[in-house]
Structure formats: structure tokens, C-alpha cells
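Peer 1: below are the sequence and a predicted model for it; my questions follow.
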Amino acid sequence: MPGRRPLVFGNWKMNGLGQDTRALSDRLKAFGPITRGTLGVFPPFTQLQAVAEKLRGSGIVVGAQDCHEAANGAYTGSVSAAMVADTGATAVILGHSERRHGLGESDALVNAKAKSALDAGLALLVICIGETESEYLDKQTLAVLDRQVEGSIPADIDPDRLVVAYEPVWAIGTGRTPSREEIASVHAHLRGRLAAHLKGDGRSVAIQYGGSVKGANAPVILGIADVDGALVGGASLDPVDFAKIFTAGGGSFAAPGS
Ligand code: 13P
């Protein structure tokens, strides 16, 4: 689906009270309708419904940063995929490294969450994978990614409902990124790996790079073959820089620069 590329998504993480997320949503909406590419934002749960309502009709995808693997039940503090869908959000990020490594989420758990999100009818699942710094230094990157693809992504998922975000853990929030050649070779490898793993056309899956993407490095990163977009943390909280990343990747708005 070339028309939906680039896919540039903002993971707002644990940032934003009501007034901040309303202002950010208004700023993004003011860039005008999207004429090429897919822009998405992933606010904290508390702001999900408000942002989904504010951005309704804008074409900007709104999603959650996680969901529980069960449909409902005695899981104090958790949010199910159906609850995410009920807010008007249509997407979810799963297996972010801050949950894998910070909260001990396994590939099997991410896989169960993915199934639950599919069952709840969410249109888009952003499944994150990535190696730690020690795995990178040990040259284990591809082996780690293969294991995560195998374990975290249901093989029967419709490729149009999947985005894979390659986020090296050591590049998140650090200002460091792999070289152009490293990103190119990892993404090319993932393209083949997804083709082998998925029952559907795995080669058509959108693969985002994430980790210290900013307006300044976006032209290089988004210009790499097999990089179909970016998953952006810090820079997504600045609407101007976020829009810059989107347009650097070939995305466009009806009212550029507004
Ligand atoms: P930064 O862009 O802040 O490095 O975060 C990347 C990320 O974790 C997006 O999910």
C-alpha cells in the first residue's frame, strides 16, 4: 500500500495533561488534511478518548501505547483492547522496549496482546522489536530480532494491520542512532524475515525505524531503502519537528507550513 507511506507515529509515552494534549492535537490538525502518508499519535490512556475525539475526521491515526491480553476481568489498573477501541482509537503499540525491558514483557505476552487487539477489531498494531546495547555489541542484533518476530507477531495477522517498529533499545532517547548502513541492512533483513514468518504477504508490511529520530536526521533515516516510516518519541511532542519528520519522509499536508 504505497499511498500510506511514510507512516510516522508519535509515541507520547507518559507525557501530557489535558491541556498539553489538546494543544498538541490542535497544532497537528492545523497542518491541514494529509494528502500523502500516514500520521499517528499515541497519547497516554487518560488522554486517549479526548485526543481521538479532537482528531476525528483529520485522518490522523490515534492509538494506545499498550493493552492487556485479556478481554476483560479482574486485572486492576489494566486496559483491554476493547476499551481502547471504545475510546475511538484505532491502533495500539505493543512490545515497546520500555515495557519489554522495564516491565519484563515477554514475546509470548506481546503475542497474546496482539491477538487480543486483533479480536477487538483494532485496525493497526505497531509491534516493537529491538536489541539492547550489549546484544548490539555482541553482534546479536539479527538473532534477537528474528526471535522477537517469531515470538511476538501472530503468523496469521493480516499484513495490512501490522506495522513493525525496529527500535534499538540503545538508540531510544539517547541521541544515538545506528549508521545508515546498519539500519538498511536490518530493515532489509526484517523484510525477508516477515515474508518468511507471515502467512500473508509479509513483504508488504510497513517497517518503521525508531530511536532518536528528529527533524534534523529524518531526511537521512527516512531516505533509507526499506524504512517505511518512523516511530518517534521525544520529537513527537514538538508539532513542528514532528511534521518535519513526516514531510522529510515524503508525507504531505494540504496546507504545508501552516
Ligand atoms: P525517542 O524518539 O525519544 O528516542 O523515542 C523513541 C521511542 O521509543 C518511540 O517509541
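Peer 2: Thanks, I have the structure now. Numbering: from 1, shown residues only.
Peer 1: ranges for the strands of the stretch 101-250 of the chain?
Peer 2: Listed in chain order, the strands of the stretch 101-250 of the chain (DSSP state E, counting those that start in this stretch) span 124-129, 162-166, 206-210, 229-232.
Peer 1: output the below-cut-off pLDDT ranges for this protein.
Peer 2: Within the chain, the ranges that satisfy pLDDT under 70 run 1-3, 255-258.
Peer 1: which positions in it make contact with the ligand?
Peer 2: Residues of the chain lying near the ligand by C-beta under 6 Å from any ligand atom: 11, 96, 167, 172-173, 210-213, 231-235. Quick note: C-beta positions are derived from backbone N, CA and C, even for glycine.
Peer 1: out of those, the closest to the ligand would be?
Peer 2: residue 233 (2.2 Å; C-beta to the nearest ligand atom).
Peer 1: excluding chain neighbours, what is closest to the closest one?
Peer 2: Leaving aside its chain neighbours, residue 233 sits nearest to residue 11 (5.3 Å; criterion: C-beta to C-beta, 6 or more residues apart in numbering).
Peer 1: please name the bridge partners of that neighbour.
Peer 2: Beta-bridge pairing for residue 11 (DSSP bridges): residue 42.
Peer 1: is it correct that it is in contact with residue 40?
Peer 2: No - taking C-beta atoms under 8 Å as the definition, residue 11 is not a contact partner of residue 40, at 9.3 Å.
Peer 1: picking up where we left off before, what would the strands of the stretch 101-250 of the chain look like in a markdown table with distance to residue 248?
Peer 2: Output for the strands of the stretch 101-250 of the chain, formatted as a markdown table (distance: least, C-beta to C-beta, whole Å):
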| stretch | distance to residue 248 |
| --- | --- |
| strand 124-129 | 20 |
| strand 162-166 | 17 |
| strand 206-210 | 12 |
| strand 229-232 | 9 |
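Peer 1: out of those, deepest packed?
Peer 2: Highest mean neighbour count among the strands of the stretch 101-250 of the chain (mean count of other C-beta atoms under 10 Å): strand 229-232, with a mean of 29.
Peer 1: using PDB, list the CA coordinates for that strand.
Peer 2: Taking Å, rounded to 0.1, in the frame of the first residue of the first chain, the C-alpha atoms of strand 229-232 are listed here in PDB:
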ATOM      1  CA  GLY A 229       8.400   5.500   8.400                       C
ATOM      2  CA  ALA A 230       9.400   6.300  11.900                       C
ATOM      3  CA  LEU A 231       8.200   5.800  15.500                       C
ATOM      4  CA  VAL A 232       9.100   9.000  17.200                       C
END
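Peer 1: for it, packing partners?
Peer 2: Counting contacts by 3 or more C-beta pairs under 8 Å, 6 or more residues apart in numbering; DSSP states H and E, strand 229-232 packs against strand 7-11, strand 206-210, helix 239-248.
Peer 1: just the angle between the second one and strand 162-166, please?
Peer 2: Between the axis of strand 206-210 and that of strand 162-166 there is an angle of 30 degrees, by axes from the mean of the first three to the mean of the last three C-alpha atoms, to 10 degrees.
Peer 1: with the last one instead?
Peer 2: Between the axes of helix 239-248 and strand 162-166, defined by the same axes, to 10 degrees, the angle is 110 degrees.
Peer 1: mean neighbour count, the helices and strands packed on strand 229-232: which tops it?
Peer 2: When the helices and strands packed on strand 229-232 are compared using mean count of other C-beta under 10 Å, strand 7-11 is most buried, at a mean of 27.
Peer 1: show me which positions of the next helix or strand after that strand end up buried.
Peer 2: Later in the chain than strand 7-11, the nearest helix or strand by DSSP states H and E is helix 18-30. Buried residues in helix 18-30, defined by neighbour count with 16 or more other C-beta atoms under 10 Å: 21, 24-25, 28-29.
Peer 1: then stretch 97-111?
Peer 2: Buried-residue list, stretch 97-111, by 16+ other C-beta under 10 Å: 97-100, 105, 107, 109-111.
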